[in-house]
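Asker: structure, please.
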Amino acid sequence: MAQPPDMEPRIAALEARVNELAAHTQAARQEATAARHLAAARDRDIADLAGKADANRFAINALGEQTRERFDRVDARFDALERTVDEGFTQIRGRLDGPRSGWNTSPGC
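Answerer: Residues are numbered from 1 along each chain as shown. You can find the predicted model right below:
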């Protein structure tokens, strides 16, 4: 069987194209490997951020609890102060009203 006259250039062109496709395939494999590594790194970063978000949420909740406890103590102190002031005003009122009503409320009497 006789070969057409352009067979040699056609075979050379096909071999060049095969080599080009092999190079593209190798580059695609390398890019896919790099993409997998980037995706894995992204997953680790997201997991790390989730851990940090949980830690921040825990800290914020602890601060809220601490603040609530402090306000409870401040409220209790204000309640005690109000009772003391009310008792003091009641005593003073009694001392002021006593002479008007004829009662002697001085300590020596």
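
Asker: helix, strand, or coil at Pro4?
Answerer: coil (DSSP: H, G, I helix; E, B strand; the rest coil).

Asker: need phi/psi at it.
Answerer: phi -60, psi 160 (degrees, to the nearest 10).

Asker: that one and Ala32, how far apart?
Answerer: 40 Å (C-beta to C-beta, to the nearest Å). In short, each C-beta sits where N, CA and C put it, glycine included.

Asker: what of Ile60?
Answerer: 41 Å.

Asker: equivalent analysis for Ala40, please.
Answerer: For Ala40 relative to Ala32 (C-beta to C-beta), the value is 13 Å.

Asker: also Pro9?
Answerer: 34 Å.

Asker: same question, Gln3
Answerer: Relative to Ala32, Gln3 is positioned 40 Å away (C-beta to C-beta).
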